[in-house]
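Trainee: Return a 3D structure for these sequence lines:
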Amino acid sequence: MKRTYSTYKLLPIGVVLSFTLDGCIEEFDAEFEDFESAIVVEATITNEMEQQQVFLSRTYKFEEEGPTAETNAQVRIIEGGNTYTLQETEPGTYVSEQTFSAQPNVAYQLLIETQNGRRYSSNEMTLTDTAQIDNLSAERITNDFGEDGVAILVDSFDATGNSKNFRYEFSETYKVIAPEWNAFDLKSTGIECGVDVIPKTEQDQVCFASNVSNDIILASTANFDENRISKFMVQFVSGENYIISHRYSVEVTQYILSNEAFSYFEALDQFSSTESLFSESQPGFLIGNVFSDDNPDEKVLGFFDVSTVSKKRIFFNYDDFYPGEDLPSYVNPCLEIAPKLISQGGARCILSALVDANQVSYSNVNDDPPFEEGPFLVLPRECGDCTVLGSNEQPDFWIE
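Mentor: Next up is the predicted model:
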């Protein structure tokens, strides 16, 4: 039996479109003058004993592809008489040298000095109250867009009434099985466009791929009679999505937010939505709790949060919700082709070039091929090699 829920998806800002009166859609090229690059701070430390992380980047122009990492900064978190130093492990990602967990009733502050000598600091923040995820479940539903799929639902309850603001993230991992796997592969001989069939030397039939959430997922019980989150949907996976074809797992993380942090993330959600771009009332610059120590007028985007977390993970198989039904279409239709060894006139080695570029998987010998085909049938690489889509190493947490 399927249940029906509403789903609200944050639409990413991509191509901006303008709508004409006759219903046609025209591309709108947006250019913004007086652009000012600002530092962007993403920092949440938690009550988990772990190496805490801070992410630094720069704002970017609308027409640019993405943000630029803020590199070579000095990043510290201070707490009373203790100082935790963070080292840059990859561009823009700073990880504490030692593991630590945020403690109750202790003030924490983030300090940053960039490579050009600019200094920034956050307001002092304390750890929020605790609330656990009581239950994480999956149900087959039909959403408001008429899509059939599986909803990931959270239940949480705080009997103390102190935890009212919630933010959720999820990490999904799924099994990928190459549908046209073969124990053999092709290797270019390097001689006169030659290609040999060889046995595979590593397992590439079953892999595991992962995605993480990139939406702002918020919930609040501020207007409820009790602090109870019931069947709150944090993720919806269409029944036509190949990622649930075999076995699927999702871990949901629940953050308890202060009123200040919740207001910031709520404003950020509205600020980054497509609708706000066309609103007559623009929200202006979003102010967080990180500021410049050198110039009070400098714009800084970001929030330093200290939050308690709770995590739960579930697994399910496709048959659990779609018993006896055909699997969703694979990410590629996996059509066979038989490239010739040599292009017409002998100018190019077609098959060996595809093999060297790792673009095809071996399928079979092409028996009695016509003149315009080559001696081997091949498929797009991901059809016979799952490592194109994920890792062939099973995660430590995986349960069959």
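Trainee: List the contacts of stretch 127-137.
Mentor: Applying Cβ atoms under 8 Å, 6 or more residues apart in numbering, the contact partners of stretch 127-137 are 47, 102-106, 152-158, 160, 162-163, 166, 227, 231, 250, 252, 254, 256-258, 306-308, 310-314. Any C-beta I mention is one placed from the backbone N, CA and C, and that applies to glycine too.
Trainee: what ranges do the strands span in the stretch 1-150 of the chain?
Mentor: Using DSSP state E, counting those that start in this stretch, the strands assigned to the stretch 1-150 of the chain run over residues 3-4, 17-19, 25-27, 39-46, 53-58, 68-69, 74-79, 82-90, 93-96, 109-113, 119-122, 133-142, 148-157.
Trainee: among the contacts of stretch 127-137, which ones are buried?
Mentor: By neighbour count, with 16 or more other Cβ atoms under 10 Å, the contacts of stretch 127-137 hold 47, 102, 152-154, 156-158, 163, 166, 227, 250, 252, 254, 256-258, 306-308, 310, 312 as buried.
Trainee: Residue ranges in the protein under the pLDDT threshold?
Mentor: When residues are selected by pLDDT under 70, those of the chain lie in 1-35, 62-64, 273-284, 369-371.
Trainee: tell me, which helix in it spans the most residues?
Mentor: Ranked by residue count and defined by DSSP state H, the top helix of the chain is helix 259-272.
Trainee: which residues in the stretch 301-400 of the chain form helices?
Mentor: Using DSSP state H, counting those that start in this stretch, the helices of the stretch 301-400 of the chain run over residues 318-321, 350-356, 381-384.
Trainee: okay, which residue is most central for the protein?
Mentor: When the chain is reduced to its mean C-alpha position, the closest residue under Cα atoms, centre = their mean turns out to be residue 212, at 3.1 Å.
Trainee: that older thread, reformat the helices of the stretch 301-400 of the chain as TSV; add distance to residue 138 and mean neighbour count.
Mentor: Shown next, in TSV, are the helices of the stretch 301-400 of the chain (distance: least, Cβ to Cβ, whole Å; neighbours: other Cβ atoms under 10 Å):
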stretch	distance to residue 138	mean neighbour count
helix 318-321	8	17
helix 350-356	40	19
helix 381-384	26	23
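Trainee: Make CSV from those and add distance to residue 145 to it.
Mentor: Output for these, formatted as CSV (distance: least, Cβ to Cβ, whole Å):
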stretch, distance to residue 145
helix 318-321, 18
helix 350-356, 39
helix 381-384, 28
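Trainee: related to what we said a few turns ago, could you tell me the angle between the longest helix of the chain and strand 39-46?
Mentor: Calculated by axes from the mean of the first three to the mean of the last three Cα atoms, to 10 degrees, helix 259-272 forms an angle of 140 degrees with strand 39-46.
Trainee: follow-up on the earlier one: and the strands of the stretch 1-150 of the chain: which comes nearest residue 265?
Mentor: Between residue 265 and those, the shortest separation by Cβ to Cβ is 10.4 Å, and it involves strand 39-46.
Trainee: so residue 231 makes contact with residue 152?
Mentor: No: assessed by Cβ atoms under 8 Å, residue 231 is found out of contact with residue 152, at 10.3 Å.
Trainee: Disregarding residues adjacent in the polypeptide, which is nearest to residue 103?
Mentor: Ranked by Cβ to Cβ, 6 or more residues apart in numbering and with sequence neighbours excluded, the top spatial neighbour of residue 103 is residue 127, at 6.5 Å.
Trainee: Thanks again, I'm all set now.
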